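**Q** prediction below, plus the sequence it came from.
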Amino acid sequence: MDEQIAADALAPSKGIFQERWAILKRNHMAYASFWFLIALFSFAIMGKVFTQNIIVFDPKIVRLSEKLLPPLTPYTSKITPIEDAPAMGIYLLGTDELGRDVFARMIEGSFVSLTVGFVAVGISLTVGIFFGGLAGFYGRVNLGFITVDTLIMRFVDIMLCFPSFFLILTVVALLPPSIYNIMIVIGLTSWMGIARFVRAEFLSLRDQDFVTAARSQAIPEWRIIFIHMVPNAIAPVLVSATIGVATAILTESSLSFLGFGVQPPDATWGNILADGKTFLFDAPWLTFIPGFTILFVVLAFNLCGEGLREAFNPKLRSTP
Amino acid sequence: MINFIFRNIWQRVILLVFISIISHSVIHLAPGEPALVDPSNPRMKPEDIQRIRAAYHLDEPLHMQYVFWVRDLFTGELKSFKDNQPVLEKIWDRFLNSLPLFIVSMMIVWFLAFPIGIKAALNRNSKFDRASTFLSYALISIPGFFLAYLLIIFMVKTFDVPVIGMRTFGLEEAPFLFRSMDRIWHLTLPALISAVGGVAVLSRYVRSQMLEVIHQDYMRTARAKGLPEDQVIYRHGLRNALLPFITMFGLTIPGLIGGSVIFETIFAWPGMGRLGFEAILARDFPVILTLTFFSAILVLLGTLISDILYGVADPRIKL
């Protein structure tokens, strides 16, 4: 009983995540970005549900008599059938060159763009943790004339030598156009940093007591790696993944600009922006709305990621 | 030192061999062949396609194609699928066009980023620091081509800067002075826009490096012995903060190809990035492969230079 009390008194008053959360809160920009992103996610998921199920939000309706209307134009057309009217009877963000409702397209685009970002980062995380963990944990194992660590890290070096955007462009252009190819290619060309990170973490974790304890209990090695070590190494990796999502969204928009991004009829912020640039002077909202959306979202990801990195890395903290 | 350099070069040559093998197989294993570019073209008879395939060794097994590619590359006989011109010559021409753009934009980056970063670090948490931090995040977050369009509209309307190509058409007969001024005028906007992202990233690095040295003991010592503040900051502080930028400098070299695809497309600048983009559109495998190989060489060259410079600049590192 007494021991129990002593242990309670010694336990930190706050858990590690509560403590980090308090640090993040102090950084107003990062904190605001965090809630902005949460709002954006719920918005994107709601938008997905709406565009799928409610007809007024359908981003694919073409109304040729209503093309290139500026934002906030009320719906007054006699030609377009009433069931094709936009939500709430108003073109909140205008229409594009085919008379599609830009608001509905932006909603659909939010979901697709975020999916591209998250799936690409998910792939690069998986590959990066796998290779990094392998190199870190089995680094000393000798495969004849070369150790596992050398083999994997040389492979990482090779991958780092490719000009990444040029490589992505080449592969995406040669493969048949599909949204999955874009996610996979972006993911497979951006895992190297994560692998290096995980390897460095594993090298320092490998000889710590809890790993030795786990080994002494004859716990299978895959369990030690994935259940015991990865959770200890993951926090900084996830933080850099936040910034990875931002990069993936930007890469997708650059690909769209060159005509190799997500193909219509799927809308993403990138391809709305890339299509809108033809009408820059006649219909500037087609360029500015998606452009500033990308700017704000990517900015939020960057600021939030930077804030999290500061919170999880005591060395970077600005307040001493 | 010599030993170190030789060992490094040797390691990099081995890496290059693997890089060439991987890029060759990635490009050739992807579906789609140059002979399939226009199957509906009525002038392309099956025997024509057969002749083309034979001429470019497309019927050989993959490893033989690789051998042919390497042989042709090093004898300089590699021909483009598209127009049958020697690939190396094409790339060299475009390289000479990309080089001034790259040099000017790098100069803008390094000359702007250092003052901004140093000032932000010295006046930490001041208005300037906050503004420059926020601005650099915003510039990193904006899609490059969107920013380019915004700037084009603004600059063309206010300064009447040309935004297409490298020179004004019909000015070939003009005196040298006019031609070079025309070239510089055409260079302004593309160089400025390719520099924007670099300034944003580098000024952040400068700031954090300066912050790291600013609280060191030797800075306090320098102040304590009564040195003027400028000398403390620039002689004692900046010099120590500079070391990591040697590495950064080496790593910017590959930006010659990779970073320029979009900007060269926007400004119709006939550089290497655009050559690559055109080659991708035409499935011009020899050009794509050689460009990838070339940029891998640039990356390795950059890291080699930065390794050597690092050893020269920092006496604590023993080579």
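**A** On my side now, so go ahead. Numbers count the residues shown, from 1 in each chain, chains lettered A, B, ... in the order given.
**Q** where along the stretch 151-300 of chain A do the helices fall?
**A** All helices of the stretch 151-300 of chain A, identified by DSSP state H, counting those that start in this stretch, fall at A:164-174, A:179-188, A:192-205, A:209-216, A:221-223, A:230-257, A:269-276, A:285-312.
**Q** would a markdown table of those with mean neighbour count and mean pLDDT be doable?
**A** Where you see a C-beta, it was placed from the backbone N, CA and C, and this is true even at glycine. As requested, the helices of the stretch 151-300 of chain A are exported to a markdown table (neighbours: other C-beta atoms under 10 Å in any protein chain shown; pLDDT from 0 to 100):
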| stretch | mean neighbour count | mean pLDDT |
| --- | --- | --- |
| helix A:164-174 | 22 | 83 |
| helix A:179-188 | 20 | 90 |
| helix A:192-205 | 20 | 89 |
| helix A:209-216 | 12 | 90 |
| helix A:221-223 | 11 | 88 |
| helix A:230-257 | 21 | 86 |
| helix A:269-276 | 25 | 86 |
| helix A:285-312 | 22 | 88 |
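**Q** right, and these - which one's nearest A:Ile152?
**A** Among the helices of the stretch 151-300 of chain A, the nearest to A:Ile152 by C-beta to C-beta is helix A:192-205 (7.5 Å).
**Q** quick one, that closest one and helix A:209-216 angle?
**A** Here helix A:192-205 runs at an angle of 80 degrees relative to helix A:209-216 (axes from the mean of the first three to the mean of the last three C-alpha atoms, to 10 degrees).
**Q** close to chain B, is helix A:192-205?
**A** No. Against chain B, helix A:192-205 shows no contacts by C-beta under 8 Å from any C-beta of the partner chain, the least distance being 12.5 Å.
**Q** from the contact counts, what lies against that helix?
**A** Applying 3 or more C-beta pairs under 8 Å, 6 or more residues apart in numbering or on different chains; DSSP states H and E, one finds that helix A:192-205 contacts helix A:102-137, helix A:148-161, helix A:230-257.
**Q** contacting residues around it?
**A** A:124-125, A:127-129, A:131-133, A:135-137, A:139, A:149, A:152-153, A:156, A:159-160, A:211, A:229, A:232-233, A:236-237, A:240-241, A:244 (C-beta atoms under 8 Å, 6 or more residues apart in numbering or on different chains).
**Q** among the residues you listed, which are in reach of chain B?
**A** Under the cut-off given by C-beta under 8 Å from any C-beta, chain B has A:Leu160 from the contacts of helix A:192-205 close to it.
**Q** can you select the buried ones among the contacts of helix A:192-205 for me in ChimeraX?
**A** In ChimeraX syntax, the buried subset of these is picked out as below (16 or more other C-beta atoms under 10 Å in any protein chain shown):
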select /A:124,125,127,128,129,131,132,133,135,136,137,139,149,152,153,156,159,160,211,229,233,236,237,240,241,244
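**Q** ok and the residue in chain A nearest chain B?
**A** A:Pro163 (3.3 Å; C-beta to the nearest C-beta).
**Q** my read is that that residue contacts B:Ser295, right?
**A** Yes. With contact defined as C-beta atoms under 8 Å, A:Pro163 reaches B:Ser295; the gap is 4.5 Å.
**Q** and A:Leu40, how many neighbours?
**A** When neighbours are defined as other C-beta atoms under 10 Å in any protein chain shown, A:Leu40 has 17 of them.
**Q** just the residues contacting stretch A:114-128, thanks.
**A** With C-beta under 8 Å, 6+ apart as the test, stretch A:114-128 has contacts from A:40-41, A:44, A:179, A:182-184, A:186-188, A:190-195, A:197-198, A:237, A:241, A:244-246, A:248-249, A:252, A:262, A:268.
**Q** mind listing what's buried along it?
**A** Here stretch A:114-128 shows A:114-121, A:123-125, A:127-128 as buried, counting by 16+ other C-beta under 10 Å.
**Q** quick one: distance of the helix or strand bottoming out on mean pLDDT in chain B to the chain centre.
**A** Least confident helix or strand of chain B, by mean pLDDT, DSSP states H and E, is helix B:46-55 with a mean of 72. Relative to the chain's own centre, helix B:46-55 is displaced by 37 Å; criterion: C-alpha atoms, centre = their mean, to the nearest Å.
**Q** ditto for stretch B:81-90
**A** Relative to the centre of its chain, stretch B:81-90 is centred 22 Å away, using C-alpha atoms, centre = their mean.
**Q** what comes into contact with that stretch?
**A** Stretch B:81-90 is touched from outside by B:34, B:56, B:73, B:76-80, B:275, B:279, B:282-287, B:290, with contacts defined as C-beta under 8 Å, 6+ apart.
**Q** so of the residues you listed, which ones are in helices?
**A** B:Leu73, B:Leu275, B:Ala279, B:Phe285, B:Pro286, B:Val287, B:Thr290 (DSSP state H).
**Q** tell me the contacts of the fifth one?
**A** Same thing as B:Pro286. B:Trp69, B:Asp72, B:Leu78, B:Lys79, B:Ser80, B:Phe81, B:Val87.
**Q** if we ignore the residues flanking it in sequence, what's nearest the fourth one?
**A** The shortest distance from B:Lys79 to any residue other than its chain neighbours is 6.2 Å, reached at B:Pro86 (C-beta to C-beta, 6 or more residues apart in numbering or on different chains).
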